[in-house]
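Peer 1: Next input, structure requested:
(one chain, ligands or ions: 1)
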Amino acid sequence: MSTDLLQVEALDFGYGRKAVGKGVSFTCREGEALALLGPNGSGKTTLFKTLLGLLPPLAGRIRVAGEDIRDWSAAQRARSFGYVPQAAPGYFAFSVYEAVMMGRTARIGTFSAPAARDRQVVERVLDEMGIAQLAERAYTEISGGERQLVVIARALAQEPRILVLDEPTASLDFGNQVLVLETIRRLAASGLTVILSTHHPDQAFACAERSALLKDGRVVAIGATGETLTDESLSALYGTPLTVRHIDGWTSCVPATRRSGSHAF
Ligand SMILES: Nc1ncnc2c1ncn2[C@@H]1O[C@H](COP(=O)(O)OP(=O)(O)OP(=O)(O)O)[C@@H](O)[C@H]1O
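Peer 2: Reported below is the predicted structural model:
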């Protein structure tokens with residue numbers, strides 16, 4: 001039986017002394033994908049930054065494999081957590097290959113050159129993400145969607161135990177959204193723990209076995225995605241009538257009210 005890899009206990013988080021989130025507790029097992037849903041401003045990104053050590057917790061505890069991570073170094077954190085932030089900007093004209101190699105920083109000594117193993121890992125993740133053909137292109141000269149795939153590849157090159165993705169499909173076309181969701185499922189099936197935030201309940205149904213609902217900085221529901229994302233919980237979360245439909249083996253959340261003779265949008 002898989003055990004909890006990540007344990008978040010009674011976590012308060014925020015900026016300075018201003019709490020954005022209060023009393024957040026959840027766990028993630030190895031090889032599990034957990035989706036975090038919540039309205040704009042509910043605290044998803046702030047929670048992620050706190051998990052990653054970019055913000056100190058205001059109260060509570062975060063453990064990885066039973067160990068309190070409060071005093072971990074940045075390198076220790078980077079070996080456990082890979083992070084795909086919202087809409088990563090691209091300022092420097094590194095090649096895609098170099099950008100992904102940067103994910104190896106926490107694995108390569110500060111003054112060491114990449115070794116054969118580092119190059120193998122980079123080539124493997126470029127292949128896995130279907131972007132090997134972009135390897136020599138400048139990171140600043142690829143599309144926003146391609147850049148998002150590179151940022152995910154860079155996080156995977158860290159070989160983290162937990163991959164945290166903040167709205168990973170936000171800038172992607174529909175085909176690349178499907179690719180990223182399938183990649184998340186595959187990574188979780190291979191033993192990686194994945195936590196993603198999304199504004200699309202359909203994505204949680206598609207790739208996450210568990211989901212958590214965050215409202216005003218508090219977890220209002222958490223559990224198996226099919227049991228947690230219901231007409232009632234989603235309508236309350238987003239403040240509009242919504243309903244969950246099952247179509248050809250897929251589950252989708254749609255507006256519950258539709259004016260006759262017109263589309264919802
Ligand atoms: N750097 C900051 N300093 C102070 N407050 C901030 C900062 N960044 C965000 N906030 C506030 O913290 C709250 C939570 O923001 P956060 O970005 O975590 O929400 P979110 O759920 O990720 O939102 P979205 O879905 O819109 O990305 C908001 O009220 C926001 O205004």
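Peer 1: and the gap between Leu165 and the ligand?
Peer 2: Look at Leu165 and the ligand: by C-beta to the nearest ligand atom, to the nearest Å, they are 12 Å apart. All C-beta atoms are positioned from the backbone trio N, CA, C, and that covers glycine.
Peer 1: Tell me the helix or strand right after the host helix or strand of that residue.
Peer 2: Assigned by DSSP states H and E, Leu165 belongs to strand 162-166. Downstream of strand 162-166, the next assigned helix or strand under DSSP H and E is helix 174-189.
Peer 1: need the next SSE after that following helix, C-terminal direction.
Peer 2: In N-to-C order, the element after helix 174-189 by DSSP H and E is strand 193-197.
Peer 1: Report whether that next one contacts the ligand.
Peer 2: No - judged by C-beta under 6 Å from any ligand atom, strand 193-197 stays clear of the ligand, getting no closer than 6.6 Å.
Peer 1: how about low-confidence regions in the stretch 101-250 of the chain?
Peer 2: 109-111 (pLDDT under 70).
Peer 1: how about a cut-off of 90?
Peer 2: Residue ranges of the stretch 101-250 of the chain with pLDDT under 90: 104-117, 128-130, 140-149, 170-184, 186-187, 190, 247-250.
Peer 1: ok, back up a step: the strand holding Leu165 vs helix 174-189, what angle?
Peer 2: 160 degrees (axes from the mean of the first three to the mean of the last three C-alpha atoms, to 10 degrees).
Peer 1: Which residues does strand 162-166 contact?
Peer 2: Residues outside strand 162-166 that contact it (C-beta atoms under 8 Å, 6 or more residues apart in numbering) are 5-6, 28, 44-45, 48, 51-52, 64, 80-86, 152, 155-156, 184, 187, 192-197.
Peer 1: For ChimeraX, write the selection for the buried entries among those residues.
Peer 2: Those of the contacts of strand 162-166 that count as buried under 16 or more other C-beta atoms under 10 Å are selected in ChimeraX with:
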select :5,6,28,44,45,48,51,52,64,80,81,82,83,84,85,152,155,156,184,187,192,193,194,195,196,197
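Peer 1: Quick check: Val220 is in a strand.
Peer 2: Yes - assigned with DSSP: H, G, I helix; E, B strand; the rest coil, Val220 falls within a strand.
Peer 1: what bridges to the nearest residue to it once chain neighbours are set aside?
Peer 2: Leaving aside its sequence neighbours, Val220 sits nearest to Leu213 (C-beta to C-beta, 6 or more residues apart in numbering; 5.0 Å). Applying DSSP bridges to Leu213 gives these bridge partners: Leu37, Ala221.
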